[in-house]
Every structure is written in C-alpha cells, then in structure tokens.
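Peer 1: coordinates only, no sequence provided:
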C-alpha cells in the first residue's frame with residue numbers, strides 16, 4: 001500500500017499520552033479535519049483557546065502525523081496534487097493543493 005494524505009491535522013503537544021493517536025506520536029492529541037480551520041474549530045470546542053504547543057500537519061493512510069514538508073513529498077509521490085508542482089525548492093503542502 002502506497003502512503004497518501006488523508007486529511008489536515010493539528011498536533012497539540014499537551015504532554016499527555018492518549019490511547020488513540022497516530023503511531024508516530026508519543027504524546028499529545030491529534031485533531032483531524034478537511035482543512036486546518038476545521039481542526040482549529042474542533043480544538044476551540046475542547047479548549048477555551050488554542051494551546052501554545054500546536055503544530056500543523058496532515059494524517060496519512062498509514063496512521064502517521066506528518067508536517068507540511070513531508071506531507072508535500074508524500075502527496076507529490078502519490079499523485080494527489082490538483083495544483084501544479086511547486087517551484088519553491090522547499091515546498092509545503094496546504095489542503096488547497098489536495099481538494
């Protein structure tokens with residue numbers, strides 16, 4: 001099975017170990033959504049404000065949380081980009097590149 005991007009995600013590193021999390025995340029909560037704004041909306045329902053230790057990335061079909069740089073490489077290799085490949089030497093993935 002080739003790895004591909006499933007959805008946008010944010011990782012909140014709150015130093016807690018949860019039972020359900022991506023296999024490469026040892027602590028913290030990963031919240032998924034169609035776009036990162038959806039992830040933040042869900043986060044605001046859980047927390048009163050966005051926690052400081054929050055990073056943006058994506059969830060893959062192999063249950064891995066990846067940052068925007070790695071996500072771009074995965075999406076490019078999986079032929080998921082609906083936009084032209086980036087000319088930037090160090091591209092990052094945004095959800096608009098996927099759908």
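Peer 2: Right, received. Where do you want to start? The structure displayed is predicted, hence computed values, not measured ones. Numbers count the residues shown, from 1 in each chain.
Peer 1: when you work out contacts or count neighbours from here on, use the C-alpha atoms and nothing else.
Peer 2: OK.
Peer 1: so which helix or strand takes in residue 70?
Peer 2: Residue 70 is part of helix 68-77 when elements are defined by DSSP states H and E.
Peer 1: ok, the residue most central in space within the chain - contacts?
Peer 2: By Cα atoms, centre = their mean, the chain has its centre lying nearest to residue 58, at 1.8 Å. Contact analysis of residue 58 by Cα atoms under 8 Å, 6 or more residues apart in numbering lists 5, 6, 7, 8, 9, 10, 32, 65, 66, 67, 68, 71.
Peer 1: tell me the buried residues in the helix holding residue 70?
Peer 2: Within helix 68-77, the residues that count as buried by 16 or more other Cα atoms under 10 Å are 68, 70, 71, 72, 73, 74, 75, 76.
Peer 1: save these as CSV, and put in distance to residue 28 and pLDDT too.
Peer 2: Converted to CSV, the buried residues of helix 68-77 look like this (distance: Cα to Cα, whole Å; pLDDT from 0 to 100):
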residue, distance to residue 28, pLDDT
68, 18, 97
70, 20, 97
71, 20, 97
72, 23, 96
73, 24, 95
74, 23, 97
75, 25, 96
76, 28, 95
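Peer 1: which one of these is nearest to residue 91?
Peer 2: The closest of the buried residues of helix 68-77 to residue 91 turns out to be residue 72 (Cα to Cα; 6.8 Å).
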